[in-house]
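K.L.:
Got a predicted model here, sequence first, then my questions.
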Amino acid sequence: VLGKAQVRVHSSLFFDCDGLQLSFGELILNLIQVCEDREAFVRALFGRSMAKWGRLVGVSNMLDFLERAPQLEFQQEVAAKLPERLRSLYCTVWRCVADQRGWPLAWPSFGPKEKLPKNRRPVVRLSNSQRRLGGGRNEAFHINEAGWLENEASYGHVRNAVLALASEGKLRFELMDLSAIQPP
């Protein structure tokens, strides 16, 4: 929204009372910095290439996309580009998102326009985790429909802003408990 309105962000402060959440936010911003395009970002998190798969990923075929084996070389390539302090966290995130062996599993969500049907086939019922692909719980990223992963242009706007702020040292991460802050 800010990019379309041509509003320049001069600094950005990310805060949380949970250090792990703060580190996760820092990891995502570092992934944006090292992933030159949306395809590379999706590959870094999901361990699979949308381009190599040859189909547009959407809610109707995301399970098929996730059933493909993750490519470990994607993880190794990206981990080498990240700051040392974030590599262990990245490996944990990889297990939850790409390998889907960690906890909690993080599923993509495709925004408000598409809903995952209750049944893919009349005789097959979807598990709770499969239904969550349509949103509501544990969704993590909106791909190909809404938000900053909607298309290359939206990803590019976010990446350019993050790169500019990082190069100026204006991305800050602070442990902060809002209940401890007193209003003036």
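P.N.:
Done, it's in.

K.L.:
Low-confidence stretches in the chain?
P.N.:
When residues are selected by pLDDT under 70, those of the chain lie in 1-6, 59-60, 102-146, 184.

K.L.:
cutoff 80 now
P.N.:
1-9, 56-63, 100-150, 180-184 (pLDDT under 80).

K.L.:
Do a quick rundown of the strands in it.
P.N.:
Using DSSP state E, the strands found in the chain span residues 12-16, 107-109, 139-142, 171-175.

K.L.:
gap between residue 28 and residue 49?
P.N.:
Per C-beta to C-beta, to the nearest Å, residue 28 is found 19 Å from residue 49. From N, CA and C alone the C-beta is placed, and that goes for glycine too.

K.L.:
Kindly report the same for residue 55.
P.N.:
Residue 55 is 11 Å from residue 49, by C-beta to C-beta.

K.L.:
more crowded one of the two?
P.N.:
Between residue 55 and residue 49, residue 49 has the larger neighbour count (other C-beta atoms under 10 Å), namely 16 against 10.

K.L.:
surely the more buried one meets residue 39?
P.N.:
Yes: Residue 49 lies in contact with residue 39 (C-beta atoms under 8 Å); the separation is 6.8 Å.

K.L.:
In this structure residue 79 contacts residue 91, no?
P.N.:
Yes: using C-beta under 8 Å, residue 79 makes contact with residue 91 at a distance of 6.9 Å.

K.L.:
and the two? which has more neighbours close in?
P.N.:
Ranked by neighbour count (other C-beta under 10 Å), residue 79 and residue 91 place residue 79 first, with 17 against 13.

K.L.:
which non-adjacent residue is nearest the more buried one?
P.N.:
Closest residue to residue 79 apart from its sequence neighbours, by C-beta to C-beta, 6 or more residues apart in numbering: residue 87 at 5.1 Å.

K.L.:
how much space is there between the one you found and residue 27?
P.N.:
Separation of residue 87 from residue 27 (C-beta to C-beta) stands at 9 Å.

K.L.:
higher neighbour count, the two?
P.N.:
Remark: of residue 87 and residue 27, residue 27 carries more neighbours, 19 against 15, as counted by other C-beta under 10 Å.

K.L.:
which residues touch residue 23?
P.N.:
Residues in contact with residue 23 (C-beta atoms under 8 Å, 6 or more residues apart in numbering) are 86, 89.

K.L.:
Verify the contact between residue 27 and residue 88 for me.
P.N.:
No: using C-beta under 8 Å, residue 27 is not in contact with residue 88; the gap is 10.2 Å.

K.L.:
Now for these two: what residues contact both?
P.N.:
By C-beta under 8 Å, 6+ apart, no residue touches both residue 27 and residue 88.

K.L.:
ok, residue 44 - contacts?
P.N.:
Residue 44 touches 31, 34-35, 74-75, 78, counting by C-beta under 8 Å, 6+ apart.

K.L.:
can you check residue 81 too?
P.N.:
For residue 81, the contacting residues are residue 34, by C-beta under 8 Å, 6+ apart.
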